[in-house]
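> Below: sequence and its predicted model.
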Amino acid sequence: MFDGSQDLPRGTLDLMILKVVSLEPMHGWGIIKRIQQLSREVFQVNQGSLYPALQRLKKRGWIRSEWRVTENSRRARYYTLTESGRKKLGDERRAWEVATSAVGRILEATS
Amino acid sequence: MDRLRAFLGQLKEMVQKGRAEDELREELDFHLQMEMEANLRAGMNPEEARRKAFRDFGSRDWHAERVREARGGGVPEDLARDIRFGLRVLRKRPVFAMAAVLTLSIGVGMTTAMFALVDAVVLRPLPGAHDGKMVYLELESDNGRATASPTPELLRLVRDHATSFSRVEAYATRGFSMAVDGEPLRGKGAQASSGFFSFLGVKPRLGRLFLPGDGVGSGSPVVVLSHTFWVERFGGSRDVVGRSMVIEDRTHDIVGVLPRDFRVDIPEEALFWIPEGASGEFFTEGVPVEGALAALADGVSLEAARAELDALVQNSPLTRLANMGWVGRVKTPEELIDPSLRRAVLFLQAGAILVLFIACGNLANLLLAQGEARARELAVRSSLGAGRGRLIRQLLAESVVLGVLGAGGGVLLAAWALDSLPLFLPPGYAGFSLNGSVLAFAVLVSLVGVLTAGLLPARRGSTRNLGEVIKGVKEHHGGPWGRVGAQQVLVTLEVAMAFILLVSAGLLLKSFSGLMTADVGFPRQDLLAVRLELPEEQYADGAARLDFVHQIRDGIRGELPGQLGSATVASGLVEDLSARIAPLVPEGATEGEGEEQVLFTWNVAPDYFDVVGVPLIRGRGFLEGEGAGGEEVVIVSEEVARRVFPDGDAVGKRIRVREDGYRVVGVAGSVKLPSLAQSAFGDLQLFFPLQQGVTGDLTIIARVRTDRVAAVDQLKETVWRVDSSLPILDVSLVEDALAESLSRERSNALLMFLFALTALTLGAIGIYGVVAYSVTRRTREIGIRLALGASARGVVGRVVLGGMRAVGAGLALGAVAAFTLGSILSGFLFEVSSRDPVVFLLVAITTLTVAGLATWLPARRAARAGPTDSLRCE
């Protein structure tokens, strides 16, 4: 599933998409670029993972899509966070923080 | 909420599948475009930018597929795919599909049509909505053997004084003369209190029903048409509202039409309804009420209401009712349904359900055979990775498609059946229609039927050993000539059910023919009855009416050498009798002695006994002029003579009916109206001379020679020579009228016969199918047998024998079941035992013959195929 970003733990891609889309409605290409930029080029999300993931999130009702016109007057499908998506993002984010700090404590253990 | 929206979006995408695909492609193209532009901005030349973008992006189709995967798998999409697939499979096997849908349609159609009757008669006994507060008011004889409608004075008491009832409505029917577009007609009309329809919650089909002011003001009177009358007389035209018709010489404005399923508890439908007049007839003297409805006041229990009504009857200023032996009764609508009608309808429904079972059995057999034929296809799909659940689901989806088609066919069949049913259904079955609940029933029944029929084949189809199926290894069964498998069990059950239905139909038919030929107490052939109604205005007193009778009798006597054999006048024959409740004692018995009895009385002319043929057993008939002025006389039935004068001849003795005394001049046989409830009226019968109480309702009874039409004309002419304006209510042969009174029994027998016939046909088709299929499957084996020297006859014989084993088992099972369950039927049978050996034997022979034929036809095919054909068929 996450063949383009094998290093990401499962579910991380969904979390990042939700986060990016929560900042502003965004099309697929924009989401990839934004993740790239925000992660300072650490994460390269493959479009082969992105579009199925978007479809999955949409089916669960966390994001919805609509066609809009870009600043260069092209038609593009924009994804927006829904209310339940926002809740999901909050939950996931807390779970992530708990998990990372736990992992951090383990890694920092000295004896 | 968001999930729901997502689901709806998915549904939408499914519907607009093409659009979703286009959008997906556009989205991916947009992505490529952006990538290319980014490459350009990074300084590549256009060609390079394009190639890099495409290389990085990879196959668009591959991406699209991945997205589709993520999107797919939803329930609606899978279901739609299964159903599409099911339709395709059925289209590929049109004969199978037709057979299956037709079989199911027949079963569902019959069950649904019968359910419409159950719905109308048992589940919705009264029109409109009511909140359980609606009750009927009735009078009942204190021994519970007779009921009557409340009198107007009682209704007035209830309306003005009773606290248990918040509202009282009443209706009545009678014959009216009327004219539509100048054409004079006579027919039954009804009159109702103005709140009647609103109380019942009836909604008009067209226009409006009664308003509170109708019938009271000075404007022209209004009339509401029954649905039937509207369709038959006015062609169902919508502009009927605003037109008018003449009723009893007054022009009435047509203001509305009743809905088709409207009915009340009256034996035949009224053509029209007019509101009660300003004087409030139903609550004053005069109009005989036919039915009275009331609403229970808030917080009043049924028991309290009953007690109050009866107290009113017993203690009212009008003690007449109580003196006559009547008590007040409050009944719920459910209590009012004729229990024998309810039983008959439920019984017929059970019959239809048996037919449905047989249809389902056939369907299961068809699906089983299909399943084996498709075993290879299923095995291939299974080996390609379709899960077992997926296969079962898909087979079930095919069943659902069949079920929906079957439901559609069944509803069409039921609609047709319901349209033609009234032609031979007696009154009382009115008011059925294909309403929502009936349609829901049809869908439910067919889905349950098809899923039950489809489950077994689906399970089997998905559990076969795949490798063997693919290699073409046929399933092996126990014996060489078929196994006792699912198909055999189905045939056995079908035959058993068909047997039960055939026995029921046979018993009902035998009972009906017994009723048709039962003794009515006089020879019924060639007897003509002409019913007259002398109008109150011209024939106000008895003398005028008697004078009319004399003139008629003289007139007829003058005509006699014509087509009339002989004729007499009486207050009625079989249908126009009056019942009285009174104690019947020999004169001289002390006051208060004697039990109240239901008595049936006629007033007859002296030649009644000669013309009708009711035998005079002892004594004599009436003399001319007897009963006028002098001593009052009576002729009693044998049963009266036996009961009142147990130890001696009744002739010459005096008898007292409540306070009136009569001298018995003769003893006659009883007039009987054969019906399931022994006799519709009892054997306590009294004949009085016409002079002792002639009413306006008269019947001329005549024996005709050969030409009935001429005889009827002669009678009519005679009547009109005496009074040219007299309406003739009805002319009928007594034989026909008697048959008419048995119409319910006739339709029960006919419907059951129809079910049995269908059951037998379906059963035969089922047997044929099973045997034919097994012959086809064993063609190779049969070929080898023939090649090894088996005789064709021997082969056919073995196939037939194999098939008939299941038939024989079914026959035995059916016979045992019919024998045990027979008591259910006995309530419907007239002088026929529910275990009538002749019927059982005939049914057994019929079943064996039909089943034998259904087995033999396909079996013959087996032997006709030459040995080489058989071997080549692989």
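Everything's here; your move.
> did I read that right, B:L532 in a helix?
No - using DSSP: H, G, I helix; E, B strand; the rest coil, the assignment for B:L532 is strand, not a helix.
> Tell me which residues touch it, please.
By C-beta atoms under 8 Å, 6 or more residues apart in numbering or on different chains, the residues touching B:L532 are B:D697, B:L698, B:T699, B:I700, B:V719, B:L726, B:P727, B:I728, B:L729. From N, CA and C alone the C-beta is placed, and that goes for glycine too.
> quick one: pLDDT of residue 36?
The chain I'm using is chain A. With respect to pLDDT, A:Q36 has a value of 86.
> think we crossed wires, I meant chain B
Here, the pLDDT recorded for B:M36 equals 88.
> Also B:A42?
Model confidence at B:A42, given as pLDDT, is 85.
> Look at the nearest residue to A:Y51 once chain neighbours are set aside and tell me its secondary structure.
The shortest distance from A:Y51 to any non-neighbouring residue, by C-beta to C-beta, 6 or more residues apart in numbering or on different chains, is to B:V67 (4.9 Å). In three-state terms, and counting by three-state DSSP, B:V67 is helix.
> Thought A:P52 was touching B:V67, still the case?
Yes - shown here, B:V67 and A:P52 form a contact pair, counting by C-beta atoms under 8 Å, at 5.4 Å.
> higher neighbour count, those two?
Neighbour totals were compared for B:V67 and A:P52, and B:V67 leads with 22 against 19 (other C-beta atoms under 10 Å in any protein chain shown).
> measure the more buried one to A:L54 for me?
With the distance defined as C-beta to C-beta, to the nearest Å, B:V67 ends up 8 Å from A:L54.
> any idea how far the lengthiest strand in chain B is from the chain center?
Longest strand in chain B, counting residues (DSSP state E): strand B:165-180. Counting by C-alpha atoms, centre = their mean, to the nearest Å, strand B:165-180 is centred 26 Å from the centre of its parent chain.
> now whichever helix or strand comes after it: how far from the chain's centre is it?
Using DSSP states H and E, the helix or strand that follows strand B:165-180 in sequence is strand B:183-192. Computed by C-alpha atoms, centre = their mean, the chain-centroid distance of strand B:183-192 equals 27 Å.
> Compute the number of surrounding residues for the nearest residue to B:A305 once chain neighbours are set aside.
Nearest non-adjacent residue to B:A305, counting by C-beta to C-beta, 6+ apart: B:S164, 3.9 Å away. A count of neighbours around B:S164, defined by other C-beta under 10 Å, yields 23.
> Output the helix or strand of chain A with the lowest mean pLDDT as CSV - backbone C-alpha positions only.
Least confident helix or strand of chain A, by mean pLDDT, DSSP states H and E, is helix A:47-60 with a mean of 85. Extracted in CSV, the C-alpha atoms of helix A:47-60 (Å, rounded to 0.1, in the frame of the first residue of the first chain):
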residue,chain,number,x,y,z
GLN,A,47,1.1,9.4,-6.8
GLY,A,48,0.5,5.6,-6.8
SER,A,49,-0.2,5.8,-3.1
LEU,A,50,-1.8,9.2,-3.0
TYR,A,51,-4.8,8.7,-5.2
PRO,A,52,-6.0,5.4,-3.7
ALA,A,53,-5.5,6.9,-0.3
LEU,A,54,-7.6,10.0,-1.2
GLN,A,55,-10.3,7.6,-2.5
ARG,A,56,-10.2,5.7,0.8
LEU,A,57,-10.4,8.8,3.0
LYS,A,58,-13.3,10.0,0.8
LYS,A,59,-15.2,6.8,1.2
ARG,A,60,-14.8,7.0,5.0
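> Much appreciated, bye for now.
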